[in-house]
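Trainee: fold the following for me, if possible:
(2 chains)
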Amino acid sequence: MKCLTNNQIQQLLDGETPSVLSEKYHQHMNACPQCLERYHQQKELAQSIKELIISSARSPERIPEFRIPKTIIHPTRKFRQIPGWIKVAALLIPVFFVWKMSFKPGEDFKPSEENIRMYEMGNSIDANTAFQENMITTKVINKDGKVIKCETN
Amino acid sequence: MKKNLLLVLLVVSVTVWSQQLAPIYKGGEIRLTPDAEYAKNIDWNKLFPDYNQTAGSRAIGLYKQIVVAPDGSVFMSHRTRHSITKFDKNGNFMKEFGKKGGKNPSDFIYMPSVEGILDGKYLYTTAVDGRMHFFDLNGLWVKTIKLKYMPLGSIPLKGGKIALLGYVPYKGEQSRNMVSLLNFADGKEKVITSEFEPYGTEKKIIINPIMYTDDTGKVQKGPMISCSLPLADPMYSRVRLATTTTGNLVTAHPETGEIIIYSPNGQKIKQFKADVKPDVITKEDREGFYQKAAKQVSNLETDVTDKTRNKAYWVNYIAQYKQQLEKFRDPANYPSNLPYFSEMMVDSENNILLFRFTREEGSNKFDVYTYNSQGTKIATSTFIADNYDVKINPSVFKFHNGSIYSFVKLKGATGNPMRLVKFDLKKNSNR
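Mentor: As a prediction, this is how the structure comes out:
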């Protein structure tokens, strides 16, 4: 019989070798000191691995916690940390818009051409206008009846 | 004793001073004599570069308004720009202030008219959109009050009150003409008198829409055009406002000759009717109007040549106008008489002046009826301005300390004829 391979020895150690072959292997090792030596070496290695696994299971390695730096800042401190110009801008921008809205001239009645002429007439009539200047007002009226041009000569 | 003597002297001097103008009125003809020292170094071209500016047919460069401050400085507004000019008491240009805009409350959206000085402190302006701007006498903006209507006139009283002649369109084809008192402090108003005026009652010539072929060969429909007849403008009959040195309001109704004096709070103090006979509109007057209109149409006819744009339109326009020319002759198209007066003013000594309409073209002679504040007639006089075309309208004719400040046209001027002149009133010695 040939010498045992490492695989055959491992199968023997793991109890995976059929009993007929197992007896043959043991007979060979009794006659072959090299195979017997390798058998013991592999058996020791397997035993040490087994012990390591068992000991690891008993006291598993502790994974260190992630230590994320965490600073608790008080809200007041937080406000103080905002740059001064941002605070001023934050205050002034709404104030500016409120001011602009409040003081914006209202959208009131838009004087028509006729209104403007009427307004100007107050300053136009004088002692000469009745007979001398013969003031005549000409109005141009569109199809909707709206005065689009109004002039006094 | 000394105190009493001083008091008597003061009363006498005030009385004597307060009677400076009345004796002049009694003299009949009064010559408006320009103060040669006033505004003598002014470069008028620089000051009134807009004198020949027009907008359509309106000579807007000639439309200006003035007010005189207690210290004699003059503020002037222009129909050509959104600013106000200030002159010192000697008529020298001082500054120009105000700008066109709408974002800032001090901006003028529409061109402003200076209207008065309130309580000696605030210059104020009005505009067609109802905005009233208040400035201090250095031109710094103080306040803006927005009226809900168009003011057709105003006058500052005392104690922060301003009298306004308001025009408020109403439903039912009419408008409300009202006199109200505005309180500067809070912007509130108190209406003291009002009347309704129907729309569109003025007599006119109507040019119906004309279908015509324009220069590009396209058939167009022209607009409708209306031309009012002379004396048809409602402004002739609207109430006139003036103020006394004590801050009372004087209203005068051109259609009735009724004069009412109110306190600054609107209480009626005095009412009387001017014993003026309004001028009758004669057949000759109507014929004069007809001839002028006929001449204008004739001029238009001459202007319309083959080169005129849209000639077909203008030919039809002239034809329609000619067909209605007779309206100028028809007495039914005129009131039976003119208003009782063209303008009412109160001088710096609280005399009330009612100006007659003039008939003599280019004469610059203005008949005026004067009354004291009690309604007693002082005289019938004639103002004569020899070298100037004077406009008898309170917007450009202001009494101040016995003088008259006026924006006038110098007759026969080469170049820019417009002037700001301070007139003294003198009895006519050329009679």
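Trainee: spit out the contact partners of A:Gln47.
Mentor: Contact analysis of A:Gln47 by C-beta atoms under 8 Å, 6 or more residues apart in numbering or on different chains lists nothing. The way it works is simple: take the backbone N, C-alpha and C, and place the C-beta from them, glycine included.
Trainee: following the chain onward from the helix or strand that contains it, which element is next?
Mentor: Here A:Gln47, judged by DSSP states H and E, is contained in helix A:33-58. Under the assignment DSSP H and E, the closest C-terminal helix or strand after helix A:33-58 is helix A:75-80.
Trainee: so which bits of the helix holding A:Gln47 are buried?
Mentor: For helix A:33-58, the neighbour count (16 or more other C-beta atoms under 10 Å in any protein chain shown) marks A:35-36, A:38-39 as buried.
Trainee: A:Arg114 should be in a helix, yeah?
Mentor: Arg isn't right for residue A:114; it's Glu. Yes. The assignment for A:Glu114 by DSSP: H, G, I helix; E, B strand; the rest coil puts it in a helix.
Trainee: mind checking pLDDT for residue 58?
Mentor: Picking chain A for this. Per-residue confidence (pLDDT) for A:Arg58: 68.
Trainee: correction: the question concerned chain B.
Mentor: For B:Arg58, the pLDDT comes out at 77.
Trainee: just grab the bridge partners of it for me.
Mentor: Beta-bridge partners recorded for B:Arg58 (DSSP bridges): B:Ala55.
Trainee: what is the neighbour count of residue 78?
Mentor: I'll assume chain A. By the measure other C-beta atoms under 10 Å in any protein chain shown, the count of residues near A:Lys78 is 9.
Trainee: not quite, go with chain B.
Mentor: By other C-beta under 10 Å, the residues close to B:His78 number 22.
Trainee: the closest residue to it other than its chain neighbours: neighbour count?
Mentor: Leaving aside its chain neighbours, B:His78 sits nearest to B:Lys64 (5.4 Å; criterion: C-beta to C-beta, 6 or more residues apart in numbering or on different chains). As a burial measure, B:Lys64 scores 24 neighbours (other C-beta under 10 Å).
Trainee: OK, contacts around B:Lys64?
Mentor: By C-beta under 8 Å, 6+ apart, B:Lys64 lies in contact with B:76-79, B:395-396, B:407.
Trainee: go again using 7 Å as the cut-off
Mentor: Contacts for B:Lys64 (C-beta atoms under 7 Å, 6 or more residues apart in numbering or on different chains) come out as B:76-79, B:396, B:407.
Trainee: ditto for B:Ala22
Mentor: Each residue near B:Ala22 by C-beta under 7 Å, 6+ apart is listed here: B:349, B:351, B:378.
Trainee: ok, so what distance separates it from chain A?
Mentor: 21 Å (C-beta to the nearest C-beta, to the nearest Å).
Trainee: am I right that that residue is in a strand?
Mentor: No. B:Ala22 sits outside any strand when classified using three-state DSSP, being helix.
Trainee: buried residues, stretch B:235-253. List them.
Mentor: For stretch B:235-253, burial by neighbour count (16+ other C-beta under 10 Å) applies to B:235-244, B:248-253.
Trainee: ok, and which of those reach chain A?
Mentor: B:235-236 (C-beta under 7 Å from any C-beta of the partner chain).
Trainee: nearest to chain A, of the buried residues of stretch B:235-253?
Mentor: B:Met235 (4.4 Å; C-beta to the nearest C-beta).
Trainee: next, the residue lying closest to the closest one once chain neighbours are set aside: secondary structure please.
Mentor: Counting by C-beta to C-beta, 6+ apart, A:Met121 is the residue found nearest to B:Met235 once chain neighbours are left out, at 4.4 Å. Under three-state DSSP, A:Met121 falls in the helix class.
Trainee: run through the stretch 101-250 of chain B and note the low-pLDDT ranges.
Mentor: Scanning the stretch 101-250 of chain B for pLDDT under 70 picks out B:172, B:200.
Trainee: residues in contact with the residue of chain A positioned farthest from its centre?
Mentor: Most distant from the centre of chain A: A:Phe131, at 82.9 Å, with distances by C-alpha atoms, centre = their mean. Neighbouring residues of A:Phe131 by C-beta under 7 Å, 6+ apart: B:285, B:357-359.
Trainee: as JSON lines, those residues with secondary structure, pLDDT and distance to B:Lys270 would be great.
Mentor: Below are these laid out as JSON lines (DSSP: H, G, I helix; E, B strand; the rest coil; pLDDT from 0 to 100; distance: C-beta to C-beta, whole Å):
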{"residue": "B:Asp285", "secondary structure": "helix", "pLDDT": "90", "distance to B:Lys270": "34"}
{"residue": "B:Phe357", "secondary structure": "coil", "pLDDT": "90", "distance to B:Lys270": "26"}
{"residue": "B:Thr358", "secondary structure": "coil", "pLDDT": "88", "distance to B:Lys270": "29"}
{"residue": "B:Arg359", "secondary structure": "coil", "pLDDT": "82", "distance to B:Lys270": "32"}
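Trainee: now neighbour count and distance to chain A too, for these, in TSV please.
Mentor: Shown next, in TSV, are the contacts of A:Phe131 (neighbours: other C-beta atoms under 10 Å in any protein chain shown; distance: C-beta to the nearest C-beta, whole Å):
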residue	neighbour count	distance to chain A
B:Asp285	18	7
B:Phe357	25	4
B:Thr358	21	5
B:Arg359	17	5
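Trainee: between all of those residues, which two are separated the most?
Mentor: Across those, no pair lies farther apart than B:Asp285 and B:Thr358, at 12.6 Å, counting by C-beta to C-beta.
Trainee: which non-adjacent residue is nearest B:Leu241?
Mentor: B:Ile155 (4.4 Å).
Trainee: after the helix or strand where B:Thr33 lies, which helix or strand is next?
Mentor: Taking DSSP H and E as the criterion, B:Thr33 maps to strand B:29-34. Under the assignment DSSP H and E, the closest C-terminal helix or strand after strand B:29-34 is helix B:44-47.
Trainee: and that following helix, which residues are buried?
Mentor: B:44, B:47.
Trainee: ditto for stretch B:163-182
Mentor: B:163-167, B:175, B:177-182.
Trainee: in TSV, list these along with secondary structure and distance to chain A.
Mentor: Converted to TSV, those look like this (DSSP: H, G, I helix; E, B strand; the rest coil; distance: C-beta to the nearest C-beta, whole Å):
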residue	secondary structure	distance to chain A
B:Ala163	strand	14
B:Leu164	strand	12
B:Leu165	strand	8
B:Gly166	strand	12
B:Tyr167	strand	7
B:Ser175	strand	10
B:Asn177	strand	11
B:Met178	strand	15
B:Val179	strand	14
B:Ser180	strand	16
B:Leu181	strand	19
B:Leu182	strand	16
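Trainee: how does chain A divide into domains?
Mentor: Split into domains by automatic domain parsing, chain A comes to A:6-58, A:113-152.
Trainee: list the contacts of B:Asn177.
Mentor: Counting by C-beta under 7 Å, 6+ apart, B:Asn177 touches B:165, B:167, B:194-195, B:197, B:238.
Trainee: now B:Lys365
Mentor: Taking C-beta under 7 Å, 6+ apart, we find B:Lys365 in contact with B:358, B:382, B:384.
Trainee: which of these sits closest to B:Gln324?
Mentor: Using C-beta to C-beta, B:Thr358 comes nearest to B:Gln324 of the contacts of B:Lys365, at 28.0 Å.
Trainee: ok, back up a step: ok but the residue farthest from the centre of chain A is inside a strand, no?
Mentor: No. Counting by three-state DSSP, one finds A:Phe131 to be coil, located in no strand.
Trainee: nearest residue to B:Asn401 other than its sequence neighbours?
Mentor: Residue nearest to B:Asn401 in three dimensions, not counting chain neighbours: B:Ser348, with 5.6 Å by C-beta to C-beta, 6+ apart.
Trainee: okay, now the one you found: neighbour count?
Mentor: Look at B:Ser348: counted by other C-beta under 10 Å, it has 18 neighbours.
Trainee: equivalent analysis for B:Gly98, please.
Mentor: Using other C-beta under 10 Å, B:Gly98 has 22 neighbouring residues.
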